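Novice: A structural model of the following input is requested.
(chains A, B, C and D)
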Protein chains: 2
Amino acid sequence: MQETPRSGLDPAELAAAVERFNGFYIRLPAVRRLSFTTLSVLHTLAERSPRRLGELTATEQVTQPAVTQIVTRLEQDGLVERHPDPSDGRAVLVHITPAGEEVVAARRANRVARIAPILARLTDPERAALAAALPVLHHIAELGEGAAAS
Amino acid sequence: MQETPRSGLDPAELAAAVERFNGFYIRLPAVRRLSFTTLSVLHTLAERSPRRLGELTATEQVTQPAVTQIVTRLEQDGLVERHPDPSDGRAVLVHITPAGEEVVAARRANRVARIAPILARLTDPERAALAAALPVLHHIAELGEGAAAS
DNA sequence: GCATATGAATAAGAAACTTAGATAAGTCTG
DNA sequence: CAGACTTATCTAAGTTTCTTATTCATATGC
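Specialist: Here you go, the predicted structure:
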């Protein structure tokens, strides 16, 4: 029972594990009073900034006017800034501000602090197995983001 | 570089990997036109049904009147049913219907179908590493759900 | 240089959530 | 076992956030 199947990764089992895990992980409480969608935009910008408003419309699951509103709200809170795109007069480049980065970092720190004591209760082999899988998760995200562009 | 650190699982690295992965995974398109919160309730019920309305209020990140509305909408769509709790006349037990289970299953099948070709592009060791980590994800969720009750 | 296409903003309306309060069933005390 | 208190849910009113439809401004192709 301790043998790992050579190539035995069932997609359905991955989906089940990820969804189960997220059911717990997603509900870790938030730091500020920002809506789910607003936070999603801020996190997207934390990965790569600046982005055009239209790019944000593509990644978030909302309409373009909604993104305009969300960016306006984030701008009023000082978490992002709008700048003209020098290469295209129609476009707007949305930049995350240091304050915006702080919000994202604080949220991440909060979740790390909550998950750390749980990880401490795992066995050494469990932690090792998880650590070995992390680069794979990154790789899947990379492959998936590329495929989503099609 | 192929040695795994004995107990080297940094919580921050887990958080980073999970969030990166979710950034891709969460955006896999939905089957129906149900809001994020409504789907969350339906998925919670898919795990264990029936549940009291108050239990749903506790797990979802919204107020109790919001859950009442969400359940009412799901009921109108025939995805859940309300039944009185025989052991407590005040309480309502929310049951998922076969149609509701179908929606959850269809969404999961959709995501599985989209992630399967990506998994096919991984190497054998990558798939093995991921497969070995899945039970650990389940275990963390289990530990976390228990701790959340405190 | 005019017609069409594209990126973002605006306006009006609909959907979904919040706070506050009502209703009804259960529990506890004397 | 009657009254006060608590608990579970619903209802009502108002706010926030989203959508569809449209406009404005810049870019591009012929």
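
Novice: Distance from the chain centre to the biggest strand by length in chain A, please.
Specialist: Secondary structure of chain A per DSSP state E: the longest strand is strand A:88-96. Its chain's C-alpha centre and that of strand A:88-96 lie 22 Å apart, by C-alpha atoms, centre = their mean, to the nearest Å.

Novice: How many residues are close by the residue of chain A found nearest chain B?
Specialist: Residue nearest to chain B within chain A: A:Ala133 (3.4 Å; C-beta to the nearest C-beta). C-beta coordinates here come from the backbone N, C-alpha and C atoms, glycine included. Look at A:Ala133: counted by other C-beta atoms under 10 Å in any protein chain shown, it has 22 neighbours.

Novice: ok, now A:Ala46?
Specialist: A:Ala46 is flanked by 17 other residues according to other C-beta under 10 Å.

Novice: Parallel or antiparallel, which strands does the longest strand of chain A pair with?
Specialist: Its sheet considered, strand A:88-96 pairs with strand A:51-52 (antiparallel), strand A:80-85 (antiparallel) by DSSP bridges.

Novice: picking that back up, give me the phi and psi for the closest residue to the residue of chain A closest to chain B other than its chain neighbours.
Specialist: Nearest in space to A:Ala133, with sequence neighbours left out and distances taken as C-beta to C-beta, 6 or more residues apart in numbering or on different chains, is B:Ala133 at 3.4 Å. Dihedral angles of B:Ala133 (phi, psi; degrees, to the nearest 10) stand at phi -90, psi -20.

Novice: returning to that earlier point: so the residue of chain A closest to chain B touches B:Arg127, yeah?
Specialist: No: counting by C-beta atoms under 8 Å, A:Ala133 does not reach B:Arg127; the two are 10.2 Å apart.

Novice: Which secondary structure state does A:Val18 sit in?
Specialist: When classified by DSSP: H, G, I helix; E, B strand; the rest coil, A:Val18 comes out as helix.

Novice: Mind giving me the packing neighbours of the host helix or strand of A:His43?
Specialist: In this assignment (DSSP states H and E), A:His43 forms part of helix A:36-47. On a contact count with 3 or more C-beta pairs under 8 Å, 6 or more residues apart in numbering or on different chains; DSSP states H and E, helix A:36-47 meets helix A:53-59, helix A:64-76, strand A:88-96, helix A:98-120, helix B:11-25.

Novice: deepest of those, which one?
Specialist: Stretch with highest mean neighbour count among the helices and strands packed on helix A:36-47: helix B:11-25 (a mean of 19; mean count of other C-beta atoms under 10 Å in any protein chain shown).

Novice: Quick one: check that helix for contact with chain A.
Specialist: Yes: counting by C-beta under 8 Å from any C-beta of the partner chain, chain A is contacted by helix B:11-25 at B:11-25.
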